[in-house]
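Trainee: make a model of this:
(one chain, ligands or ions: 1)
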Amino acid sequence: MTATTDRQPDATTALMTVTDTHVVFPARTGGLFRSDRVHALTGASLTVAPGETVGIVGESGCGKSTLARVLIGVQRPTSGTVAHRGRDLWAMPPAERRVTVGTRLGMVFQDPSTALNRRMPIRRVLRDPLDVHRRGTPAQRDERVRELMSLVGLPASLADALPGQLSGGQRQRVAIARALALEPELLIADEPTSALDVSVRAQILNLLLDLRERLGLALVFVSHDIQTVRRMSDRVITMYLGRIVEEAPAARVTAHARHPYTRALFSATPGLLDPIQPIPLVGPLPSAIRPPSGCPFRTRCWKADDACAASMPDFVTDERDHRYRCHHPVPGDESTSGLVQQARAARGAPSVTSLERT
Ligand SMILES: Nc1ncnc2c1ncn2[C@@H]1O[C@H](COP(=O)(O)OP(=O)(O)OP(=O)(O)O)[C@@H](O)[C@H]1O
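Mentor: Below is the predicted model of the structure:
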């Protein structure tokens, strides 16, 4: 087992390499002072290899979307670097960055209704990126539009329809087809099904899985739906208050997660662990404007002590490429019921709350 300040990515094999990135925003709401700043991302590092699927989980406001936007090159980090195949996106000439971001990286958003121009027929929605990046002849672009519609399971008869004439599921298929138009290497899906009816969610997830296989895409998947993240991903990243606190192979993250926050998050997901009892935590997520000193999870953690207030520990990486940063990691074989009892004993059952069920 090794202690590292963070993963040292291999830039020759990684598709995307994010190194020690911070994103700080001026506070929109909740700030007491005009000078208040939101620490949306703090020291985040990760790599995405070609063809792999990385899931990102964490409560609302933990920085998942900010990390996704940094990865896709639409959010410039306040500090730190983000590189595509070893080349720093923000050190590139702007024209080269626009081409890299526009053609190699694709993004699918939560709500297809707002992501698509309501006045553009589907044919134009899909042709637009091909026109902007001057791909092929006009006839080849028309052919590519037909190909894309078929790829995502949309009938050719919908080519002249407006987004408003389609169902939510069909609109999300259009958004996925548009993201794939220029054959990106990486697709980032930020809550791609949460605005859809439950009945079509599985179809869209299966479509993403199918496209991943057929096109050899890398996928970064952000969701509150932990079951789905686990099913879709090779690796799962847990974020808490702007920090990556754990990264584990998907098979190990459920019952063998080492960070207390990951265990609490998964225990609050119905049907994932046995018993179904959530690990009780104290209070709500602290403000990202004034995060707690040391480990930001310490204010809610049943294991916290003075060491946790004093410093954020370095990452420890085990032989399974499972990394976590915690002064008091959960033993890998500790049962959830044991953790529930420990948390109750440490805090006193009546005063504790559990994470919101996601
Ligand atoms: N443009 C912005 N200006 C100011 N604060 C922002 C901005 N974007 C995000 N934030 C803040 O940064 C923090 C992280 O937000 P982010 O959207 O990345 O979290 P998230 O985990 O994706 O949340 P959710 O699951 O609700 O989408 C939050 O406190 C949020 O309010």
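Trainee: show me the domain layout of this protein.
Mentor: Here the domain parsing of the chain from automatic domain parsing is 50-76+93-233, 254-354.
Trainee: okay, now the nearest residue to H327 once chain neighbours are set aside: neighbour count?
Mentor: Residue nearest to H327 in three dimensions, not counting chain neighbours: A307, with 4.7 Å by CB to CB, 6 or more residues apart in numbering. Any C-beta I mention is one placed from the backbone N, CA and C, and that applies to glycine too. Other residues lying near A307 total 13 when counted by other CB atoms under 10 Å.
Trainee: now do the contacts for M92.
Mentor: T100 (CB atoms under 8 Å, 6 or more residues apart in numbering).
Trainee: could you save the domains of the chain as a markdown table and add columns showing distance to V38 and mean pLDDT?
Mentor: Output for these, formatted as a markdown table (distance: least, CB to CB, whole Å; pLDDT from 0 to 100):
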| stretch | distance to V38 | mean pLDDT |
| --- | --- | --- |
| domain 50-76+93-233 | 9 | 93 |
| domain 254-354 | 5 | 85 |
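Trainee: okay if I get these as a markdown table plus distance to the ligand?
Mentor: Shown next, in a markdown table, are the domains of the chain (distance: least, CB to the nearest ligand atom, whole Å):
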| stretch | distance to the ligand |
| --- | --- |
| domain 50-76+93-233 | 3 |
| domain 254-354 | 4 |
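Trainee: out of those domains, which is closest to A40?
Mentor: Evaluated with CB to CB, those place domain 50-76+93-233 nearest to A40, the distance being 4.3 Å.
Trainee: that closest one: end-to-end distance?
Mentor: Start and end residues of domain 50-76+93-233 are separated by 13 Å (CA to CA, to the nearest Å).
Trainee: so that it lines up with my notes, have the first residue be 443 from now on.
Mentor: Happy to do that; since the first residue is 443 now, the last one works out to domain 492-518+535-675.
Trainee: T459 should be in a strand, yeah?
Mentor: Yes: T459: assigned to a strand according to DSSP: H, G, I helix; E, B strand; the rest coil.
Trainee: bridged to it, which residues?
Mentor: Listed by DSSP bridges, the beta-bridge partners for T459 are T489, A525.
Trainee: ditto for the one 5 residues further on
Mentor: Judged by DSSP bridges, the bridge partners of H464 are S521.
Trainee: coming back round to it: shouldn't the residue nearest to H769 be in contact with C743?
Mentor: No: A749 sits out of contact with C743 when judged by CB atoms under 8 Å, with a separation of 11.8 Å.
Trainee: ok, then the element right after the longest helix along the chain?
Mentor: If you go by DSSP state H, the chain has its longest helix at helix 640-657. Under the assignment DSSP states H and E, the closest C-terminal helix or strand after helix 640-657 is strand 660-664.
Trainee: who's in contact with that following strand?
Mentor: Applying CB under 8 Å, 6+ apart, the contact partners of strand 660-664 are 457-458, 490-498, 506-507, 510, 513, 627-634, 650, 654, 670-671, 674-675.
Trainee: that older thread, output the contacting helices and strands for the longest helix of the chain.
Mentor: The contact analysis (3 or more CB pairs under 8 Å, 6 or more residues apart in numbering; DSSP states H and E) places helix 640-657 against helix 610-622, strand 628-632, strand 660-664, helix 668-674.
Trainee: mean neighbour count for these - can I get that in JSON lines?
Mentor: Shown next, in JSON lines, are the helices and strands packed on helix 640-657 (neighbours: other CB atoms under 10 Å):
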{"stretch": "helix 610-622", "mean neighbour count": "23"}
{"stretch": "strand 628-632", "mean neighbour count": "24"}
{"stretch": "strand 660-664", "mean neighbour count": "24"}
{"stretch": "helix 668-674", "mean neighbour count": "19"}
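Trainee: done for today, thanks.
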